[in-house]
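Asks: Have a look at this fold, sequence not included:
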């Protein structure tokens with residue numbers, strides 16, 4: 001059996017769509033769905049009770065974060081496989097069944113993911129090689145990657161962008177937006193690191209799994225649409241910018257930086273601080289522009 005775990009926070013409409021796509025799956029796949037709600041105030045829980053009473057709903061009294069929310073779900077999961085799935089996703093056709101079939105037939109593989117795509121079906125590039133400090137400059141959303149998308153550092157990191165085959169291919173880590181893992185592997189390597197409030201807990205988990213000599217694969221013919229960032233409006237939220245960069249540092253500090261007082265740590269701290277301040281400034285300017293536009297519209301309407 002498969003256990004699908006969805007952590008939700010104020011994403012009622014996306015969650016409804018996600019659940020509808022899961023319960024609309026064809027085939028004989030046996031699965032349970034566990035929704036861990038992080039104190040939503042948009043009637044997400046009422047929607048679940050009314051529209052999908054078969055869902056195992058866990059209501060947290062506070063927003064405990066993505067990693068801890070998933071861990072709560074994993075602890076109650078009954079399936080042989082566990083699928084971590086974002087609330088802002090939509091499963092296409094028999095994508096989940098293809099992931100299960102691949103794990104069934106490849107006992108040396110611990111984790112699989114679908115090809116995550118935007119609503120226009122373009123690849124999001126979330127099946128990747130392990131990040132290094134260079135990815136602070138050449139990450140998936142960095143300015144240099146946007147200006148020079150074909151540079152060798154970005155191409156190495158985002159392997160799914162350069163692998164256009166429909167054949168399964170091995171990667172280092174995959175996004176927690178759609179991550180299927182054997183439960184026995186979780187029991188071996190440990191749960192998600194709850195020090196990551198959100199972001200990069202998936203890279204950390206995959207790193208620990210790889211250290212145990214398990215394999216991780218992307219299955220391109222399995223398609224899941226990801227309305228990335230829409231559920232939390234992360235690109236417009238200053239707190240999310242700070243949380244993201246805090247998690248980046250935690251990952252590098254945990255796996256790449258041994259000397260707290262070394263030059264590498266100093267370079268990463270300065271680089272991430274500059275990056276955070278730049279993004280916060282951009283976010284502030286965007287908010288001012290949007291606010292001015294709204295003010296103009298209100299003035300013209302009166």
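Replies: Yep, that arrived. Note that the structure is predicted; figures quoted are calculated from it, not measured.
Asks: Please count neighbours and contacts with C-alpha atoms only from this point.
Replies: Will do.
Asks: Please verify my assumption that residue 37 contacts residue 57.
Replies: Yes: between residue 37 and residue 57 there is a contact under C-alpha atoms under 8 Å: 7.4 Å.
Asks: who's more crowded, these two?
Replies: Shown here are residue 37 and residue 57; by other C-alpha atoms under 10 Å, residue 37 has more neighbours (24 against 18).
Asks: shared neighbours, residue 37 and residue 57?
Replies: Each of residue 45 lies in contact with both residue 37 and residue 57 under the rule C-alpha atoms under 8 Å, 6 or more residues apart in numbering.
Asks: just for the protein, where's the confidence low?
Replies: 132-164, 229-236, 290-302 (pLDDT under 70).
Asks: mind giving me the domain ranges of it?
Replies: 2-231, 257-301 (automatic domain parsing).
Asks: Can you convert the ones you listed into CSV and add a column each for distance to residue 245?
Replies: As requested, those are exported to CSV (distance: least, C-alpha to C-alpha, whole Å):
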stretch, distance to residue 245
domain 2-231, 9
domain 257-301, 6
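Asks: tell me the most buried of the ones you listed?
Replies: With neighbours taken as mean count of other C-alpha atoms under 10 Å, the domains of the chain reach their highest mean count in domain 2-231, at a mean of 19.
Asks: starting at the chain centroid, how far to that domain?
Replies: Relative to the mean C-alpha coordinate of its chain, domain 2-231 is positioned 5 Å out (C-alpha atoms, centre = their mean, to the nearest Å).
Asks: Next: stretch 246-261.
Replies: 20 Å.
Asks: quick one: contacts of it?
Replies: Outside stretch 246-261, the residues that reach it (C-alpha under 8 Å, 6+ apart) are 132-133, 196-201, 204, 264-265, 268-269, 272.
Asks: Which of the residues you listed sits closest to residue 30?
Replies: Lowest distance from residue 30 to those (C-alpha to C-alpha) belongs to residue 201, with 27.4 Å.
Asks: I'd like to know how far the closest one sits from residue 249.
Replies: Applying C-alpha to C-alpha, to the nearest Å, the value for residue 201 to residue 249 is 12 Å.
Asks: Run through the strands of this structure in chain order.
Replies: Applying DSSP state E to the chain gives strands spanning 2-8, 31-38, 56-60, 81-85, 89-91, 109-117, 127-128, 169-170, 173-174, 178-182, 215-226.
Asks: thinking again about what came up before, now, which of the contacts of stretch 246-261 lie within helices?
Replies: 201, 204, 264-265, 268-269, 272 (DSSP state H).
Asks: Now the two most distant members of those residues.
Replies: Taking C-alpha to C-alpha, no two of the ones in helices among the contacts of stretch 246-261 sit farther apart than 201 and 264, at 21.8 Å.
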